[in-house]
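Undergrad: Sharing a model prediction with you, sequence too.
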Amino acid sequence: MELPIHILMVYGYLLLAGWVLTEQLGLPLPAMPVLLAAGALSAEHELSFGLAFLVSLAATLVADTTWFLVGRRYGHHVLRLLCKLSLEPTICVRKTQDSFGRRRELTLVIAKFVPGLATLAPPVAGENGMSFGRFLLFDSIGASSWLLVLLGVGRFFGDILKRDPRLLDWVGRFSGALLVAGIVGFFLYRLYRRRVFMKELVEARVQAADLKGQMDAGELVYIVDLRHPLELLPDPFTLPGAVHFSPEGLAARHKEIPRDRDVVLFCTCPSEATAAKTAMTLYRLGIERVRPLRGGYDEWKRLGYPVEAAKLSRPPLEPARAI
């Protein structure tokens, strides 16, 4: 199976444009192997280096312009969607916005070289009101630099292969396996990063005694009760000062959550599963100081710490009456 070189030789620029467009639209299909192969084929004059660059640049700008206009029109809604689709929760809207706030146009120039920024930078630029002309200028500079580097590296190795045609046969024979290995490695890396994040989240859990100490010391803590209203029927109490939200309601109103203090989430499910999942969602939305309560409400109550009457964001369902 001679991929991606063989496919590029058959389908040429159409495949190149489609592959680059697909990646830049946000699908996890890395274009690097195809761009490197296109650069290598240009050394054999199977493809034109200049035309391969122009086709790839056009595909990149089409995708980036689409995201820019969508970001301008829908703002944080589309950014939230991109975060949900992302396999890399630590590189999301907040970090992209921070980078854009510090560097502005430079963010667009370097975005293609930074995992996670490539897709998010255009909609963030649109959301922040950058003019289309300035966006197109600096995005073109960044995209051109990225494409020239990859095509240039491919051309360099293509020149080496040209001197020894036997190497080209060897590369063609194993390029399919290399492509598959690259794609699999891409997914494994992102899943690894997700696993690392979840481990960090587990380590960031706050002990009930530590939370009690913070509250006694007068520290500001935003405490969120994620329990279902039906769970409160037999025990309608919660932690002092806690606000009650469903996980979905909390995410929808994330802008109301303070960023200047710890946000402690608790539930009653085993291993704080709901709290951990909600914490990940909030982290993606830019709330970094979020910590599940270890042991949840049950541990707090077991230790005999004070509670108060729960105030629900919506009334619980009435229990069924016996007929």
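TA: Great, that's in hand.

Undergrad: Tell me if His45 really is in a strand.
TA: No: applying DSSP: H, G, I helix; E, B strand; the rest coil, one finds His45 to be coil, outside a strand.

Undergrad: And the pLDDT at it?
TA: Note for His45: predicted pLDDT of 74.

Undergrad: Residue numbering should commence at 53 henceforth.
TA: Right, with 53 as the first residue, what we last looked at is His97.

Undergrad: Pull the number of nearby residues for it.
TA: 10 (other CB atoms under 10 Å). Where you see a C-beta, it was placed from the backbone N, CA and C, and this is true even at glycine.

Undergrad: That one and Gly64: what is the separation?
TA: Distance, His97 to Gly64, using CB to CB, to the nearest Å: 13 Å.

Undergrad: Now do the helices in this protein.
TA: Along the chain, the segments classed as helices by DSSP state H run 57-76, 84-95, 101-126, 128-137, 145-155, 157-162, 169-179, 184-215, 217-255, 260-268, 299-304, 325-336, 348-354.

Undergrad: What average pLDDT does the third one get?
TA: Average pLDDT, helix 101-126: 91.

Undergrad: Equivalent analysis for stretch 170-184, please.
TA: 83.

Undergrad: Return the set of buried residues in that stretch.
TA: By 16 or more other CB atoms under 10 Å, the buried positions in stretch 170-184 come out as Ala170, Thr171, Leu172, Ala173, Pro174, Pro175, Val176, Ala177, Gly178, Glu179, Met182.

Undergrad: Then stretch 279-287?
TA: Along stretch 279-287, these residues count as buried under the neighbour rule (16+ other CB under 10 Å): Arg279, His280, Pro281, Glu283, Leu284.

Undergrad: just stretch 295-311 next, same as before
TA: Val295, His296, Phe297, Ser298, Pro299, Leu302, Ala303, His306, Ile309.

Undergrad: Which single one of the residues you listed is nearest to Cys319?
TA: Relative to Cys319, the closest of the buried residues of stretch 295-311 is Pro299; by CB to CB it sits at 8.8 Å.

Undergrad: The closest one contacts Arg279, correct?
TA: No: counting by CB atoms under 8 Å, Pro299 stays clear of Arg279, with 10.4 Å between them.

Undergrad: and Ala362, how far is that from Gly347?
TA: 18 Å.

Undergrad: what do you get for Met332?
TA: For Met332, the distance to Gly347 (CB to CB) stands at 19 Å.

Undergrad: next one: Phe239
TA: Taking CB to CB, one finds Phe239 at 34 Å from Gly347.

Undergrad: what do you get for Arg279?
TA: 14 Å.

Undergrad: Check Arg125 too.
TA: Distance from Arg125 to Gly347, by CB to CB: 45 Å.

Undergrad: higher neighbour count, the two?
TA: Applying other CB under 10 Å to Arg125 and Gly347 shows that Gly347 carries more neighbours, namely 18 against 12.

Undergrad: Low-confidence bits of the stretch 153-302 of the chain, can you list those?
TA: 153-155, 167-168, 213-235, 238, 241-242, 245-246, 249-256, 282 (pLDDT under 70).

Undergrad: if I pick Tyr164, what's in contact with it?
TA: Careful, residue 164 is Lys and not Tyr. Listed by CB atoms under 8 Å, 6 or more residues apart in numbering, the contact set of Lys164 reads Thr112, Ala170, Gly194, Ala195, Ser197, Trp198.

Undergrad: Find the nearest non-adjacent residue to it, please.
TA: Ranked by CB to CB, 6 or more residues apart in numbering and with sequence neighbours excluded, the top spatial neighbour of Lys164 is Trp198, at 3.6 Å.

Undergrad: my read: the one you found touches Phe165, true?
TA: Yes: the criterion here is CB under 8 Å, and Trp198 meets it with Phe165 at 6.2 Å.

Undergrad: Which one's more surrounded, these two?
TA: Trp198 (22 against 12).

Undergrad: how close does the more buried one sit to Gly348?
TA: 46 Å.
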